[in-house]
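Chemist: take this sequence and fold it.
(one chain, ligands or ions: 2)
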Amino acid sequence: MSVSADGLVDGSAERPLISVVLPMRNESRGLARLFERLVPVLEKIGPYEMVAIDDGSTDDTLSRLKQLRRTYPRLKVVSLSRNFGKEIAVTAGLARTSGACVVIMDSDLQHIPEGIPALMEPWTREGFGIVYARRVGLDRGGALRSTLSATFYKLFDFMSEVKIDRETGDFLLLDRRVVDAFLAMPERNRFNRGLLAWAGFRTTTIPLEVEARHAGTSNFGFLRLARLAVTAITAFGTLPLRVWSYIGMLFSLVGLFYGAFIVVRTLIFGADVPGYPSIIVAVLVSAGVQLIGLGIIGEYLGHVYSEVKRRPLYLVQETLGFSDSPADPTVVDDPETPLAPDLGGGE
Ligand code: UDP
Ligand code: MG
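Modeler: Ligands and ions are numbered 1, 2, ... in the order given. Predicted structure coming up:
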């Protein structure tokens, strides 16, 4: 085992089976309790590591974490230079995991550590790439909040290129392949659940209780949630950019029909207010033409936007028959594909 910068033993010598990512902002008060419950669960599972990300806490979260490292050598700490928000904190944590699977959970004990074995079950048994915990039990306050959240999911569904399940939260397990795929997406405006949905892979959901926050208060007020919702929608669809050409077409059509109507009416009854019809028609048609123009720019901007995001073009779930296929019997045991030479050798 090596020794890390703070003079403590570095618990990363063996490759962990499971890594747990714990984003935290001002969670100092609940930390001791968190690890008291989490560590026994992980000890039973096998080689593990815990990666805590201090997301610019203003309380003593970081110094508490440093203390806790003396008790828990498998705890690793990443401290961000300021508050970057949970989505980015999670990404920073994922980038430093090495487990064969990774569990992401909140650090306020709303996600019960005892649920981890249940999350692992579909991954070990059936090789699922993503296992979500379906929220049961907790009503997150108020009719307004649930109406707004329902509206968000409807809008997201309508506008985006991927589908997300509104019942799932941010307590989840990822296979290493999914973690690598997720980290290969370099975009800056991140909505993790959308990115994971975009990545695809076999996904399943299991029901798990969500508990009330152990200590402190929620970091997500209305404004933060609203900002995340806007990021989510604009990062996964360009409809808001492109919709203007359709509105423009509607305006122009109304203008043209109204124009035709005026012409016919003037021919039959003569003009009443001189100049009025032509002004209205000109306004409608020119507004329409401008909006169509905006929409066309929106189309191109949408393309530019998706290009600059530089997401990988596609992701591979598994390969068969290549020399770099993993030496996993379930993978090479495919009657269609002859065994790769380096896997079949040596009787
Ligand atoms: N969190 C974070 N950075 C932030 C906000 C929140 O790392 O900017 C963490 C927080 O410490 C907690 C998790 O994200 O572990 C979920 O946040 P919180 O419990 O405040 O949100 P809620 O459960 O109310 O949605
Ligand atoms: Mg919480």
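
Chemist: can you name the residues bridging to residue 104?
Modeler: Beta-bridge partners recorded for residue 104 (DSSP bridges): residue 21, residue 172.

Chemist: distance of it relative to ligand 2?
Modeler: 13 Å (CB to the ion, to the nearest Å). (Each C-beta comes from the backbone N, C-alpha and C, glycine too.)

Chemist: give me the number of residues near that residue?
Modeler: Per other CB atoms under 10 Å, the neighbour tally for residue 104 reads 23.

Chemist: what is the strand or helix carrying residue 149 packed up against?
Modeler: Assigned by DSSP states H and E, residue 149 belongs to helix 143-159. Applying 3 or more CB pairs under 8 Å, 6 or more residues apart in numbering; DSSP states H and E, one finds that helix 143-159 makes contact with helix 222-235, helix 239-269.

Chemist: could those go into CSV alongside mean neighbour count, distance to residue 294 and mean pLDDT?
Modeler: Shown next, in CSV, are those (neighbours: other CB atoms under 10 Å; distance: least, CB to CB, whole Å; pLDDT from 0 to 100):
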stretch, mean neighbour count, distance to residue 294, mean pLDDT
helix 222-235, 15, 16, 83
helix 239-269, 15, 4, 85
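
Chemist: CSV for these, including distance to residue 43?
Modeler: Shown next, in CSV, are these (distance: least, CB to CB, whole Å):
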stretch, distance to residue 43
helix 222-235, 35
helix 239-269, 48
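
Chemist: excluding chain neighbours, what is closest to residue 37?
Modeler: Beyond its immediate neighbours in the sequence, the residue positioned closest to residue 37 (CB to CB, 6 or more residues apart in numbering) is residue 113, lying 4.8 Å away.

Chemist: tell me who's in contact with that neighbour.
Modeler: Residue 113 is in contact with 34, 37, 38, 41, 42, 105, counting by CB atoms under 8 Å, 6 or more residues apart in numbering.

Chemist: so is the helix holding residue 149 next to ligand 1?
Modeler: No. On the criterion CB under 6 Å from any ligand atom, helix 143-159 is out of touch with ligand 1, staying 10.4 Å away.

Chemist: residues in the stretch 1-150 of the chain within reach of ligand 1, list them.
Modeler: 23-25, 27, 55, 83, 85-86, 89, 106-108, 110.

Chemist: please consider this matter closed, and thank you.
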